[in-house]
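Trainee: Here is my input; please provide its structure:
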Amino acid sequence: MSFSKLDRDMIVREALALLEAEGLDAVSLRKVAGRLGVSVSSLYWHVADKNMLHCYMSASIFRACLDAMPPVANWRQWLHAFGIALWDAQISIPDARRLIVVARSSADLAEASLTRIVTTLERLGLPAPQSLIAQRAVQALVTGWTTLRSARPDAVAADRDSFVIALDVLIDGWSTRIEG
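Mentor: Reported below is the predicted structural model:
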């Protein structure tokens with residue numbers, strides 16, 4: 001590949017493909033560069049270091065969850081769909097939870113997504129201060145639940161069902177607090 005065709009999105013896509021194929025421990029700038037057929041130094045024009053690569057990867061997964069959100073009528077439905085999208089990503093992408101932990105997200109990356117979420121929730125009727133906390137609570141529930149879920153392959157469906165119940169209880173609690 002020619003250096004002129006290389007961009008950050010391409011690097012992140014390749015790093016995510018490597019993550020899915022081999023796990024987080026296999027993701028390195030050297031390995032990504034090799035898969036792209038460029039030198040490691042070429043990557044540094046677009047990605048400062050491995051930590052930033054992890055940040056971009058995490059932000060890309062998160063953005064994909066937001067992009068996958070279906071049209072909804074209210075903030076409760078949005079939080080539910082958001083929780084499901086996060087669950088699906090954290091279950092289907094190997095080491096997604098570890099990536100969340102190791103990626104020290106830059107303020108700019110986090111702020112763009114947070115603004116998008118709060119704006120959407122406000123438009124759907126949930127005030128900004130509550131939007132900030134409610135979306136964070138959903139994220140924490142998803143990450144905690146996917147981390148603690150059963151290791152047994154036959155329990156995956158039951159784990160998801162239990163998670164959805166907990167998610168709905170969390171959202172019902174917010175609904176009671178806001179509207180009650």
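Trainee: Can you tell me the element residue 142 falls in?
Mentor: Assessed by DSSP states H and E, residue 142 sits inside helix 128-148.
Trainee: now what about that helix, what contacts it?
Mentor: Here helix 128-148 makes contact (Cβ atoms under 8 Å, 6 or more residues apart in numbering) with 75, 79, 82-83, 86-87, 90-91, 96-97, 100, 114, 117-118, 121-122, 126, 159, 162-163, 166-167, 170-171, 174, 177-178. Bear in mind the C-beta positions are built from the backbone N, C-alpha and C, glycine included.
Trainee: Nearest the geometric middle of this protein, what residue?
Mentor: Geometric centre of the chain, nearest residue: residue 62, 2.9 Å, by Cα atoms, centre = their mean.
Trainee: before we move on, back to that, could you list the buried residues of the helix holding residue 142?
Mentor: 130, 131, 134, 135, 137, 138, 139, 141, 142, 143, 145, 146 (16 or more other Cβ atoms under 10 Å).
Trainee: and the helix or strand harbouring residue 15, average pLDDT?
Mentor: In this structure, residue 15 sits in helix 8-22 according to DSSP H and E. The pLDDT scores in helix 8-22 average 95.
Trainee: Over to stretch 88-103?
Mentor: What stretch 88-103 shows for mean pLDDT is 88.
Trainee: before we move on, what about stretch 141-150?
Mentor: 85.
Trainee: Just the CA atoms of that stretch, as PDB, please.
Mentor: Backbone C-alpha positions of stretch 141-150 (Å, rounded to 0.1, in the frame of the first residue of the first chain) are rendered in PDB as follows:
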ATOM      1  CA  LEU A 141     -24.000  -2.000  33.800                       C
ATOM      2  CA  VAL A 142     -23.100  -3.500  30.400                       C
ATOM      3  CA  THR A 143     -19.400  -3.600  31.000                       C
ATOM      4  CA  GLY A 144     -19.900  -5.100  34.500                       C
ATOM      5  CA  TRP A 145     -22.400  -7.600  33.300                       C
ATOM      6  CA  THR A 146     -20.400  -8.700  30.300                       C
ATOM      7  CA  THR A 147     -17.300  -9.100  32.500                       C
ATOM      8  CA  LEU A 148     -19.100 -11.100  35.100                       C
ATOM      9  CA  ARG A 149     -21.200 -13.200  32.800                       C
ATOM     10  CA  SER A 150     -21.000 -17.000  32.800                       C
END
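Trainee: who's in contact with the residue lying closest to residue 33 once chain neighbours are set aside?
Mentor: Once flanking residues are discounted, residue 33 sits nearest to residue 40: 4.5 Å by Cβ to Cβ, 6 or more residues apart in numbering. Shown in contact with residue 40 (Cβ under 8 Å, 6+ apart): 29, 30, 33.
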